[in-house]
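*Asks:* Structure, please.
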Amino acid sequence: SYNDGGIIGLGGAYSRVPMPINGQIEDITVTPPKYEFAANPNALRKLFTDVAATGGAALTGAGNGASLLRIPEGPLPTTNIATYVLDKFNNQTTLKDMSLSVRQALLNYLGYSVPLDATATALPTTLPISATPHLAMGGSIHSFPVQMTYSGTLDASGNLTSTRSQSILYGTMEGGLHIVDSSTGVEQMVFVPAELLRNTTTSKALVKGETDATAPQAGLDGAWVADSLYVAQKASSSSEDSVVKASRMNVYGGLRMGGESYYGLNVLDPNSPKFLFRIGRDQTGFSRMGQSWSKPVLANIRYDGAIKRVMIVGGGYDTCYEDPKATLTTGSCGPEAHGNAVYIVDAETGKRLWWASSTDADTNNANMKNSIVSRISAIDRNADGLIDHLYFGDLGGQVFRADLNNAVGTAKADFGKRVVRLANLATDATGAALTDGKNPRFYEAPTVTIHDQGTSTFMLIGLASGNRSTPLDVFPIVGRDGMLPTTALNDR
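*Replies:* This is a model prediction of the structure:
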């Protein structure tokens, strides 16, 4: 064992990815030090992508509900893994049709140090196995880890004990969505979207040691959530334990600055995940979507007479806001920014059920012209289990509420009652519009709390503003409600 502080290649999930290695004897007297690694030449991670069965050559994304492609397909042999992998890369349906450069990158991602050679006409005849893990793993900055509980033991009172089967989900900037066993840290699967493989620059991030003028890439660094459902199984005898097991474990999330898509996956069996859907700006019905920054919200609504499990997201981010002074009348944002929408989609199929934007949506508000990047605050006002209101801010300093109609018998066209602007904070105390990009930007979801005062009940909507294109800039020095930073750093 080693003190792994500051040593990237030791400890943590990075050290638990199944990688083919020949092993190494310790010699910490040399520079750089050599740490001991046990030989494991037949180790291989479970790699999946959503390339369509007939889409290998163009890396076409699979349709919603299709099977994920495992690279290479299983079952795996217990010996001579490198030979098996090379054979599959040359002969497996779909995989063999991918370009040579993509297959070179994927072999590297599996742990084989194959040069990215644009002049090569074929894969090497043998796969080199390194002494230590040949592994590219990017940072996990905005994709916070998500704990998923698959099963647990119940005590005699029906309470969950510490005996549980759990996994951790997280995304990384080289482009992988990982699931690891929470007890051992061993990676159970990794998913790389087809859209990242299609991009010759982003796919380089899968290869250890590769660089590019546009590095670093953002990969799959969006916020993800898990949506689970459980069933309890009572013990049939005193020698058995009562257990609770997951009957649904779906995960949802986006790429943040890595792309303009949201994904849904069924990971009830992390060793054999299933593809639910992808939605993105390139698809019909999602033309106003920007980069997928909004953390999904899973909820229930009554739509077209049936209770639906849905995913709710903001439209996302437009890179025009990288200019700290960007407005809709100056810079590259134009009259409307990408991401000026809110979407509700079926959580199983990805079908768009309702959306709101400035024009041509199911429900319109002419002021919805700025990007909406945060999680949407969804409120069940009457405790019937169905979402009645959506609260959200935008990057133009505005705050909105969408009202939904869950009444029995409501037609689809009447599901969205209205979208109202609650506040326009892009003005000074006199009501004059703030100029030069000094309007507040809302990157985080509103906090909605309910209070009683005497015989009255009211909702309080709280928001925190900032500017992530220039986070050390502070304006205004004093907020509308009197709150202020101790020291304002500067004014633009």
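*Asks:* Could you confirm V420 falls within a helix?
*Replies:* No. Membership of V420 in a helix is not supported by DSSP: H, G, I helix; E, B strand; the rest coil, which gives strand.
*Asks:* Quick check, pLDDT for it.
*Replies:* As summarised for this prediction, V420 has a pLDDT of 97.
*Asks:* Kindly report the same for F277.
*Replies:* Listed pLDDT for F277 reads 97.
*Asks:* Identify the residue spatially nearest to it, adjacent ones excluded.
*Replies:* The spatial neighbour of F277 that comes closest, neighbours along the chain excluded (C-beta to C-beta, 6 or more residues apart in numbering), is G350 at 2.8 Å. Backbone N, C-alpha and C define where each C-beta goes, glycine included.
*Asks:* One more: L276?
*Replies:* Once flanking residues are discounted, L276 sits nearest to G264: 3.5 Å by C-beta to C-beta, 6+ apart.
*Asks:* Would you confirm that that neighbour belongs to a helix?
*Replies:* No. Looking at G264 with three-state DSSP, it is strand, so not inside a helix.
*Asks:* wait, doesn't it sit right on V251?
*Replies:* Yes. At 7.4 Å, G264 and V251 qualify as touching, with contact defined as C-beta atoms under 8 Å.
*Asks:* Just the mean pLDDT for stretch 103-119, thanks.
*Replies:* Averaging pLDDT along stretch 103-119 gives 96.
*Asks:* L386 versus the residue nearest to F277, what's the distance?
*Replies:* G350 is 21 Å from L386, where distance means C-beta to C-beta, to the nearest Å.
*Asks:* quick one on the thing from earlier: and the residue nearest to L276, what does it touch?
*Replies:* By C-beta atoms under 8 Å, 6 or more residues apart in numbering, the contact list for G264 reads 250-252, 276-278, 311, 347-348, 350.
*Asks:* can you check N80 too?
*Replies:* When contacts are counted by C-beta under 8 Å, 6+ apart, N80 touches N42.
*Asks:* Nearest residue to S261 in space, please, no chain neighbours.
*Replies:* With C-beta to C-beta, 6+ apart, the residue lying closest to S261 is G280, at 3.7 Å.
*Asks:* quick one: low-confidence parts of the stretch 301-450 of the chain?
*Replies:* Low-confidence segments of the stretch 301-450 of the chain, defined by pLDDT under 70, are located at 330-331.
*Asks:* how about the strands of it, start to end?
*Replies:* In the stretch 301-450 of the chain, strands defined by DSSP state E, counting those that start in this stretch lie at 306-314, 342-346, 352-357, 363-364, 377-379, 389-393, 398-404, 416-424, 447-453, listed in chain order.
*Asks:* mind giving me a markdown table with those strands and columns for mean neighbour count and distance to A105?
*Replies:* Supplementary listing: these in a markdown table, determined by neighbours: other C-beta atoms under 10 Å; distance: least, C-beta to C-beta, whole Å:
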| stretch | mean neighbour count | distance to A105 |
| --- | --- | --- |
| strand 306-314 | 20 | 29 |
| strand 342-346 | 25 | 31 |
| strand 352-357 | 21 | 33 |
| strand 363-364 | 18 | 43 |
| strand 377-379 | 20 | 39 |
| strand 389-393 | 24 | 38 |
| strand 398-404 | 21 | 42 |
| strand 416-424 | 15 | 44 |
| strand 447-453 | 10 | 43 |
